[in-house]
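Participant: coords please:
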Amino acid sequence: MVNRPPRKSVNIVMSSYKRATLDEDVLVDCTDDIYPSSAMQVSVQQGPGPRCWSEKTRTERRLLVLSCSLAVALFFSLITVGIFYKKSHPGICLTEPCITVASSMMGAMDRSVDPCHDFYNFACGGWVRKHPLPEGRSRWSPFSHLWDRNMAVMKHLLENSTMKGLSKAEEKSQKYYQACMSEAKIEELGAQPLQKLIHQMGGWALTGPWDKNNFQQVLRMVSASYRCSPFFTVFVSTDSKSSNSNIIQVDQSGLGLPSREYYLNKTANAKYLNAYLDFLVELGVLLGGPENTARTLMQEIVDFETTLANITVPQEDRRDEELIYHKMQAKDLVTLSPAVDWMPFLTDVFAPVSLNDSEPVVVYAKDYLQKVSDLIASTNKSVLNNYMIMKVVRKMVSVLDQKFQDAEQRFLEVMYGTKKSCTPRWKLCVSDTDSALGFALGSMFVKTTFAEDSKAIAEDMVSEIKWAFEDSLKDVGWMDPETKKAAKEKADAIYNMVGYPKFIMDPKELDKVFNDFEVVSDLYFQNVMQYYSFSARVTADQLRKTPNRDQWSMTPPTVNAYYNPTKNEMVLPAGILQAPFYSSSWPKALNFGGIGVVMGHELTHAFDDQGREYDKDGNLRPWWKNSSVEAFKKQTQCMVEQYSNYSINKETLNGKHTLGENIADNGGLKAAYKAYVNWIAKNGEEASLPALEMTNQQLFFVGFAQVWCSVRTPESSHEGVITDPHSPSRYRVIGTVSNSHEFSEHFGCKANAPMNPVHKCDLW
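Facilitator: Predicted coordinates:
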């Protein structure tokens with residue numbers, strides 16, 4: 001049983017009661033109603049009955065008036081109490097959706113666990129027991145389940161050749177998918193398409209002669225034509241300090257393994273490094289290289305990446321964007337990093353846009369670029385060439401025949417602890433089609449699955465969440481009034497993008513976007529190459545232009561959401577506006593605890609340790625008073641320490657690395673709960689779910705927690721601790737509720753209970 005908080009007594013105030021006791025005209029009318037004249041006449045004829053009003057004593061008159069008044073007051077009080085009781089005790093919801101979701105929630109819970117001791121296991125213990133990891137999966141959660149459902153919908157749409165009225169872009173998405181599904185043709189071609197591509201780059205020492213003097217040319221080709229980033233990454237995005245324009249940006253690139261930590265702690269990560277080396281060797285052999293030569297060359301690549309890992313800046317040290325933002329001209333890159341011929345490089349990457357050496361560029365990894373230039377200059381050309389070509393090979397593995405995919409699967413089994421399985425080909429092809437033509441596919445998805453009223457309801461919920469966040473600002477004691485006013489203005493200015501970008505519902509606009517993307521039947525590798533070329537042109541076309549609000553970073557079917565600081569906007573794709581996050585037939589408690597917390601999470605990102613650096617117009621500038629900046633850092637240190645005290649599989653979490661997401665989790669829960677309380681105040685208490693024996697306030701918190709129920713392999717958990725800016729699911733729940741006074745109140749948690757520490761971290 002759940003400990004329920006004591007119910008508060010209800011005081012009914014009848015404003016007419018006092019007025020009635022003083023208004024004598026009303027009292028006379030009352031006595032006439034209670035004692036009709038005909039009855040009084042009969043009584044007089046039959047004997048010494050009640051005396052008339054004039055015959056009564058002054059005391060009797062007062063008593064009679066008081067009795068009448070009390071009777072009337074009681075009558076109206078009973079009516080009022082009845083109305084209020086019905087409003088505050090609406091009963092049990094026995095609709096089919098309510099019964100179904102109540103059953104599901106009950107099955108996910110473990111009622112033997114004290115919610116004040118371990119709320120995650122209380123809410124998710126049953127779910128974890130009933131959901132062993134599916135084959136081939138390293139993690140599983142309601143997010144995964146919903147994505148699988150969305151993928152099944154997309155599969156049906158992509159395979160439905162009888163659909164009428166499709167735009168050209170939508171037809172291209174079907175053709176792209178069908179080429180990916182042409183396994184016979186892919187098997188027939190084998191490694192040939194990639195071998196031909198390597199030959200065009202000047203050859204590879206692993207498989208034959210290679211051009212030893214073409215480093216600059218290969219770097220340009222790999223970066224421009226195949227969208228790889230061997231030593232650094234170059235892209236176009238909004239200028240953080242001038243949010244009305246797009247600019248070239250340069251940053252450090254990723255490595256072959258998910259994080260630099262895998263290379264630096266060789267003892268703890270030996271099995272991953274060994275599996276990675278074996279994988280690279282197998283790829284080399286599949287492409288025609290002798291195994292001994294392949295092992296020698298691939299070991300050189302791993303050693304080189306280890307050196308790169310040493311000069312790569314950890315993500316937790318890159319959170320202050322004011323410190324890492326460096327604006328310069330293209331010609332300054334030559335001085336900063338002379339090992340690269342920058343102007344020919346940038347000209348190729350952003351062709352056909354014309355560039356000159358005064359082109360503005362933002363560098364986010366100044367020290368890294370200097371060091372990587374020194375590393376390139378001091379490294380054997382053969383190693384550099386091998387490394388660049390291997391970056392292309394790794395990218396193309398999923399585009400080649402089954403032998404390549406089997407090799408990758410064996411690597412992933414070690415890397416993420418997945419059980420060997422044969423993932424259906426259609427899932428890979430749906431996912432890849434979503435990546436390449438996701439907005440064309442998203443158009444079909446939205447028209448098939450997304451009700452327009454869901455968009456309107458979600459937008460209303462966002463407004464309620466935004467109100468709650470802004471209203472809470474007045475209670476933020478550590479922030480000065482001037483900064484608080486500016487913070488409210490920023491929250492007011494957040495642009496909400498719900499469901500999908502408008503252009504996908506206009507066939508002409510949609511076709512215009514994908515007009516330059518040629519898709520051919522049966523040749524999957526060629527289509528992927530065409531996509532890289534198309535993507536490069538789209539990127540180049542954005543340079544120097546005003547950022548487009550209709551350009552989303554997530555496709556409509558995506559089960560996720562995001563906040564963009566340079567546009568000061570939050571985006572909620574149609575894919576996540578479904579159960580278990582939202583359903584129009586569920587109690588509001590679950591919707592606010594599900595999608596409401598998601599909305600609050602994204603909104604709070606505007607005020608996390610990175611988002612707060614951007615003003616309401618999306619510009620990176622110091623718009624806070626120094627006193628509030630210092631107070632903010634002091635308040636957030638509490639969360640850094642809180643989450644750094646958590647561990648999973650004996651690995652300690654990095655509270656500094658996960659700070660932004662932890663701030664968003666805590667702020668999101670608080671805003672969503674406040675919005676729900678406000679909804680109740682305006683609409684009255686809603687019916688509760690059957691069998692759970694829980695208040696709707698308790699239901700809100702359980703609904704929130706069950707969104708994060710999750711199972712994960714130890715290897716995947718290890719990778720998450722190292723790379724993920726989010727805390728593990730368990731701590732997204734207990735870390736957040738343990739900071740919530742309202743949670744402890746509604747579950748009756750005693751002081752110093754694990755979920756109710758005396759010292760709580762409170763920011764927004």
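
Participant: Next, count neighbours for N527.
Facilitator: Neighbourhood size, N527 [other Cβ atoms under 10 Å]: 25. Quick note: C-beta positions are derived from backbone N, CA and C, even for glycine.

Participant: So what's the gap between whatever helix or strand it lives in and the chain middle?
Facilitator: Element membership of N527 [criterion: DSSP states H and E] is helix 524-542. Centroid separation for helix 524-542 versus its chain: 27 Å, with Cα atoms, centre = their mean, to the nearest Å.

Participant: and the next element down the chain from that helix?
Facilitator: For helix 524-542, the following helix or strand on the C-terminal side (DSSP H and E) is strand 562-564.

Participant: which neighbours does that following strand have in its sheet, and in what orientation?
Facilitator: Strand 562-564 sits in its sheet next to strand 569-573 (antiparallel), going by DSSP bridges.

Participant: counting contacts, what elements does the longest strand along the chain pack onto?
Facilitator: Taking DSSP state E as the criterion, the chain has its longest strand at strand 242-252. Under the contact definition 3 or more Cβ pairs under 8 Å, 6 or more residues apart in numbering; DSSP states H and E, strand 242-252 sits against strand 232-239, strand 360-363, helix 366-378.

Participant: Would you mark the buried spots in the shortest one?
Facilitator: Spelled out, it's strand 360-363. Neighbour-count burial for strand 360-363 flags V361, V362, V363 (criterion: 16 or more other Cβ atoms under 10 Å).

Participant: what do you get for stretch 447-466?
Facilitator: By neighbour count on 16+ other Cβ under 10 Å, the buried set for stretch 447-466 is T449, F450, S454, K455, I457, A458, M461, V462, E464, I465, K466.

Participant: low pLDDT regions in this structure?
Facilitator: In the predicted model of the chain, residues 1-90 satisfy pLDDT under 70.

Participant: so what's the nearest residue to I247 once chain neighbours are set aside bridging to?
Facilitator: The shortest distance from I247 to any non-neighbouring residue, by Cβ to Cβ, 6 or more residues apart in numbering, is to D239 (4.2 Å). Beta-bridge partners of D239, counted by DSSP bridges, are S242.

Participant: so how many other residues sit close to D239?
Facilitator: 23.

Participant: would you put the C-alpha positions of the helix or strand that the longest strand of the chain is followed by in CSV?
Facilitator: Using DSSP H and E, the helix or strand that follows strand 242-252 towards the C-terminus is helix 261-264. C-alpha atoms of helix 261-264 as CSV (Å, rounded to 0.1, in the frame of the first residue of the first chain):
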residue,chain,number,x,y,z
GLU,A,261,38.4,7.1,-22.4
TYR,A,262,38.4,3.7,-24.2
TYR,A,263,41.9,4.5,-25.5
LEU,A,264,43.4,6.1,-22.4
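
Participant: who's in contact with helix 261-264?
Facilitator: Residues outside helix 261-264 that contact it (Cβ atoms under 8 Å, 6 or more residues apart in numbering): L255, L257, N269, Y272, L273, V302, E305, T306, A309, N310, I722.

Participant: Buried only: go through those for me.
Facilitator: Burial by neighbour count, judged by 16+ other Cβ under 10 Å, picks out L257, N269, Y272, L273, V302, E305, T306, A309, I722 from the contacts of helix 261-264.

Participant: re earlier: ok, the contacts of helix 261-264 vs P547, which is closest?
Facilitator: Ranked by distance to P547 (Cβ to Cβ), those are led by L255 at 29.5 Å.

Participant: Look up phi and psi at the closest one.
Facilitator: Per-residue torsions, L255: phi -120, psi 180 (degrees, to the nearest 10).

Participant: before we move on, the earlier item: out of the helices and strands packed on strand 242-252, which is closest to V476?
Facilitator: strand 232-239 (28.5 Å).

Participant: What are the buried residues along the closest one?
Facilitator: Across strand 232-239, burial judged by 16+ other Cβ under 10 Å covers F232, T233, V234, V236, T238, D239.

Participant: Now flag whichever of those residues is closest to W552.
Facilitator: Set against W552, the nearest of these by Cβ to Cβ is T238 (13.7 Å).

Participant: Do I have it right that that closest one meets E569?
Facilitator: No: between T238 and E569 there is no contact under Cβ atoms under 8 Å: 11.2 Å.

Participant: quick revisit: wait, which of the buried residues of strand 232-239 is closest to S553?
Facilitator: Among those, T238 lies closest to S553 (Cβ to Cβ), at 11.4 Å.

Participant: And for that closest one, nearest residue in space, chain neighbours not counted?
Facilitator: Per Cβ to Cβ, 6+ apart, closest to T238 is T566, 3.9 Å.

Participant: so who does that neighbour touch?
Facilitator: By Cβ under 8 Å, 6+ apart, T566 lies in contact with S237, T238, D239, S240, S243, P547, Y614, G618, N619, L620.

Participant: Just the buried ones out of those, please.
Facilitator: T238, D239, S240, S243, P547, Y614, G618, N619, L620.

Participant: For the last one, give me phi and psi.
Facilitator: Here is the backbone geometry of L620 (degrees, to the nearest 10): phi -80, psi 110.

Participant: That one contacts D320, doesn't it?
Facilitator: No: contact criterion Cβ under 8 Å: L620 and D320 do not qualify, at 10.6 Å.

Participant: Now do the shared contacts for those two.
Facilitator: E613.

Participant: Going along the chain, name the strands of this protein.
Facilitator: So, for the chain - with DSSP E - the strands run 139-140, 232-239, 242-252, 326-329, 360-363, 495-499, 562-564, 569-573, 647-648, 651-652, 711-712.

Participant: and among these, the most buried is which?
Facilitator: strand 569-573 (a mean of 24; mean count of other Cβ atoms under 10 Å).
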